[in-house]
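# dropping the sequence and predicted coords here.
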Amino acid sequence: MRHVVYLLVVVNLVFLGWNIFQSQSGLQAGRNLPPLPETAAPLVTLQEQLAADDEVSAIEKLTDTKPPDAGAGLVCQTLGPYLALEEVQAMQAELAGLGLESQQRESERTYPIGYWVYLPEMSRSKSQRLARVLDEQSDKEYFISKGNLISLGVFKEMSRAKNRLARTRKMGLEPLLEARYRTTTAYWLDFQAEIEAGKQLDGLLTDSPDIWIQDRACY
């Protein structure tokens with residue numbers, strides 16, 4: 001009986017020692033494992049994944065919620081050109097009535113005003129000779145200007161200017177045709193408005209075909 005007890009004690013000691021050895025070996029093996037690569041994804045439990053999904057959903061709902069007037073798109077525009085200061089001031093008052101604050105801006109504007117047919121500067125004797133040619137053709141639509149230049153007429157339409165050019169060439173003359181321009185001050189109104197206000201603004205321009213609204217860069 002005593003030998004049996006000794007045998008059981010020895011077996012228990014061996015089993016305990018084996019467990020201690022296995023535990024230490026596992027810890028040492030864990031220390032000796034190579035580090036995980038940075039791209040490796042950590043293991044996530046199902047409960048942790050569901051909690052993360054709920055948090056993302058809450059953030060998306062918060063992002064989709066827009067503050068008042070957040071959906072109102074704004075665009076910068078300019079209105080013009082006005083050639084009279086009184087006209088631009090009257091339009092500025094109309095814009096103010098719509099709740100739009102505008103800034104007045106000036107610029108130089110060059111635009112065509114017609115066409116000129118003429119014989120360029122020449123000597124006095126030549127101008128007198130060419131004037132006699134015109135007189136013989138009963139042409140009274142000319143005058144001699146400074147530098148003995150012979151003006152054959154100023155026209156608003158290109159077609160009339162070309163007709164005058166053709167008639168004088170048939171007389172053996174060599175006239176020139178030149179566009180005439182005028183430079184003046186133009187006025188513009190710069191403002192910022194909601195995109196939806198475009199139709200309302202277009203209604204202000206029904207009687208002003210030379211005035212238009214165009215987009216501009218916002219500063």
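On my side now, so go ahead.
# which SS state does Ser138 fall under?
State at Ser138, reduced to three classes by DSSP: H, G, I helix; E, B strand; the rest coil: coil.
# nope, Gly99 is what I was after
coil.
# confidence score at it?
Per-residue pLDDT puts Gly99 at 87.
# pull the number of nearby residues for Glu194.
Neighbourhood size, Glu194 [other Cβ atoms under 10 Å]: 14. (C-beta placed from N, C-alpha, C; glycine too.)
# actually Ser151, not the one I wrote
Neighbourhood size, Ser151 [other Cβ under 10 Å]: 15.
# ok, the host helix or strand of it: who's next to it in the sheet?
Using DSSP states H and E, the element containing Ser151 is strand 150-155. Strand 150-155 pairs in its sheet with strand 102-119 (antiparallel), strand 143-144 (antiparallel), by DSSP bridges.
# which one of the ones you listed lies closest to Cys218?
strand 102-119 (12.3 Å; Cβ to Cβ).
# residues of that closest one that come out buried?
Under the neighbour-count criterion of 16 or more other Cβ atoms under 10 Å, strand 102-119 has Ser102, Gly114, Tyr115, Trp116, Val117, Tyr118, Leu119 buried.
# pLDDT wise, what is the first one at?
Right, Ser102. At Ser102, the pLDDT recorded in the model is 93.
# do a quick rundown of the helices in this structure.
2-32, 46-64, 85-97, 124-136, 158-170, 198-202 (DSSP state H).
# coming back round to it: so which of the strands paired with strand 150-155 gets nearest Lys170?
strand 102-119 (13.5 Å).
# buried ones in stretch 158-171?
Neighbour counts over stretch 158-171 (16+ other Cβ under 10 Å) mark Ala161, Arg164, Leu165, Arg167, Thr168 as buried.
# er, stretch 171-181 I mean
Quick answer for stretch 171-181 (16+ other Cβ under 10 Å): Leu173, Pro175.
# equivalent analysis for stretch 84-104, please.
Val88, Met91, Gln92, Leu95, Leu100, Ser102.
# what's in contact with it?
When contacts are defined by Cβ atoms under 8 Å, 6 or more residues apart in numbering, stretch 84-104 is touched by residues 79-80, 82, 187-193, 197, 200-201, 204.
# list the contacts for the closest residue to Tyr115 other than its chain neighbours?
Of all residues not flanking Tyr115 in the chain, Ala161 sits nearest, at 3.8 Å (Cβ to Cβ, 6 or more residues apart in numbering). Contacts for Ala161 (Cβ under 8 Å, 6+ apart) come out as Gly114, Tyr115, Trp116, Val117, Gly153, Phe155, Leu177.
# out of those, who's nearest Lys146?
Nearest member of those to Lys146, counting by Cβ to Cβ, is Trp116, at 14.6 Å.
# and that closest one, bridged to which residues?
Counting by DSSP bridges, the residues bridging with Trp116 are Val154, Glu178.
# distance of it from Arg124?
Note on Trp116: its distance to Arg124, by Cβ to Cβ, to the nearest Å, is 22 Å.
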